[in-house]
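**Q** This is a predicted model, with the sequence first.
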Amino acid sequence: MSTIDVGGAVRRGEELDIDKVDQWLKKQDIVLKGIPQITQYSGGASNWTYRIQYENRDLILRRPPAGTKAKSAHDMQREYNVQKALKPLYPLVPDMVALCTDANIIGCDFYVMDRIEGVITRANLPENLDLTPDQMHQLCINAIDALIALHNVPYKGSDLETIGKGDGYCRRQVEGWIRRFEQAKTPDVASFKGIQAWLLEHIPDDVKTCVIHNDWRLDNVILDPKSPTTLIGVLDWEMATLGDPLMDLGCALAYWIQDDDSVLLRTLRRQPTHLFGMLTRQEVVKYYLQKTGLQTDNWNFYEVFGLFRLAVICQQIYYRYYYKETQNTDFKEFGCFVEALFVRCMQLTWQSK
């Protein structure tokens, strides 16, 4: 079995009209040969991602999901434009190919980019990829360094200056994600009222403003097949903006599941951060702060916010399942994930008292 991430069968209810997509693509300023073969990537729980393989070119198509969507989410035009502007400054971004805003093609906006061939780690390493503890450690360091490099992108004077509001990011994020949770609540989950009040009480000033990814995880990076500790691509720029880098780190560590976490939290794991050689969450924070020179005496805020935001994302997905707006049974247990994240938030806020 290859370690290369190639996609699989298209999920029921998520089929593309490949004939229309093919006709539209061949009208763009690119040369495509043959009949495209289509597969779908299973990793994402938000936007749907497909591989469209021609004889002479390998492409990726991204489109929003069906069903209820947060007002500011799933904006294909924005996601495309952010990556197009960022690519000259941050080479790990894929090459953008074309953007479609004609709903007559597949019923929604979508964009197409070149596929980067490489390894993507998900909850576990690919079956035939064995990395030593030293290699796992180096992969971890390289991923953090790539995040630091993003946070140092010289965005001023480029089109990236318009992708976010900048200063005041921490407060806007807390207030915004509280609103999103209230809009996505179902009657069978915790209210998070105490967590929301704690976050509002502990909001810090922004440490600085920079380009942030906002969904930084190992399953969103592509590794070199010949040197699998080396990053050759970064995916899923849907939530990229201008904001506080410690917020980006806090949100990244919400996904950083360790072997000593609760059973329910371990079921949330989407990257192999439990393997020997990987840094712990505490070690990641220490390394990041030492490397960047940034300081904080309020780290619990960033960690609790990251967990709360992840709970809201899970709840938004669970909302679609609860009200039968998606047929994907993978989302059935997301309500339990929300409860597990609530418990972790409560533990951290108690520790800070």
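**A** Happy to help now that I have it. Residues are numbered from 1 along each chain as shown.
**Q** What segments of the stretch 151-300 of the chain are helices?
**A** Using DSSP state H, counting those that start in this stretch, the helices assigned to the stretch 151-300 of the chain run over residues 169-184, 193-201, 245-254, 263-266, 281-292, 299-322.
**Q** Give me the number of neighbouring residues for V211.
**A** 26 (other Cβ atoms under 10 Å). (C-beta placed from N, C-alpha, C; glycine too.)
**Q** For it, give me its contacts.
**A** L86, Y90, L150, H151, V153, Y155, L160, I163, A240, T241, L242 (Cβ atoms under 8 Å, 6 or more residues apart in numbering).
**Q** Could you give me the ChimeraX selection string for whichever of those are buried?
**A** Command for ChimeraX that selects the buried part of these, burial taken from 16 or more other Cβ atoms under 10 Å:
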select :86,90,150,151,155,160,163,240,241,242
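**Q** Which of the contacts of V211 sits closest to R281?
**A** R281 lies nearest to H151 out of the contacts of V211, by Cβ to Cβ, at 18.2 Å.
**Q** what's the longest strand in this structure?
**A** strand 227-234 (DSSP state E).
**Q** picking up where we left off before, select from the helices of the stretch 151-300 of the chain the stretch with the lowest mean pLDDT.
**A** Of all the helices of the stretch 151-300 of the chain, helix 263-266 carries the lowest average pLDDT, namely a mean of 92.
**Q** Name the residues of it that are buried.
**A** For helix 263-266, by 16+ other Cβ under 10 Å, it's L265.
**Q** what do you get for stretch 88-102?
**A** Buried, per 16+ other Cβ under 10 Å, within stretch 88-102: L89, Y90, L92, V93, P94, M96, V97, A98, L99, C100.
**Q** Report the mean confidence score over it.
**A** Per-residue pLDDT over stretch 88-102 has a mean of 98.
**Q** I figured A9 hits T39, correct?
**A** Yes. A9 is within contact range of T39, at 7.0 Å (criterion: Cβ atoms under 8 Å).
**Q** what about the two, which has more around it?
**A** Using other Cβ under 10 Å, the more surrounded residue of A9 and T39 is T39, with 15 against 9.
**Q** Contacts only, for the spatially closest residue to the more buried one that is not a sequence neighbour.
**A** Spatial nearest neighbour of T39, chain neighbours left out: G7 (3.5 Å); criterion: Cβ to Cβ, 6 or more residues apart in numbering. Residues in contact with G7 (Cβ under 8 Å, 6+ apart) are T39, Q40, Y41, S42, Y50, R51.
**Q** Apply the buried test to those and list what passes.
**A** For the contacts of G7, buried by 16+ other Cβ under 10 Å: Q40, Y41, Y50, R51.
**Q** Out of the residues you listed, flag the one nearest to I141.
**A** Y41 (26.5 Å).
**Q** Model confidence score at that closest one, please.
**A** The model's pLDDT for Y41 equals 90.
**Q** domain assignment for this structure?
**A** Listed domain ranges for the chain are 18-114, 133-351 (source: automatic domain parsing).
**Q** quick one: terminal-to-terminal distance for the first one?
**A** This stretch, domain 18-114, spans 17 Å end to end (Cα to Cα, to the nearest Å).
**Q** Now for the buried residues of stretch 88-102: which two are most distant?
**A** L89 and C100 (25.2 Å).
**Q** so who does the closest residue in space to L218 that isn't next to it in sequence touch?
**A** Leaving aside its chain neighbours, L218 sits nearest to Q271 (3.8 Å; criterion: Cβ to Cβ, 6+ apart). When contacts are counted by Cβ under 8 Å, 6+ apart, Q271 touches T121, R122, A123, R217, L218, D219, Y255, W256, I257.
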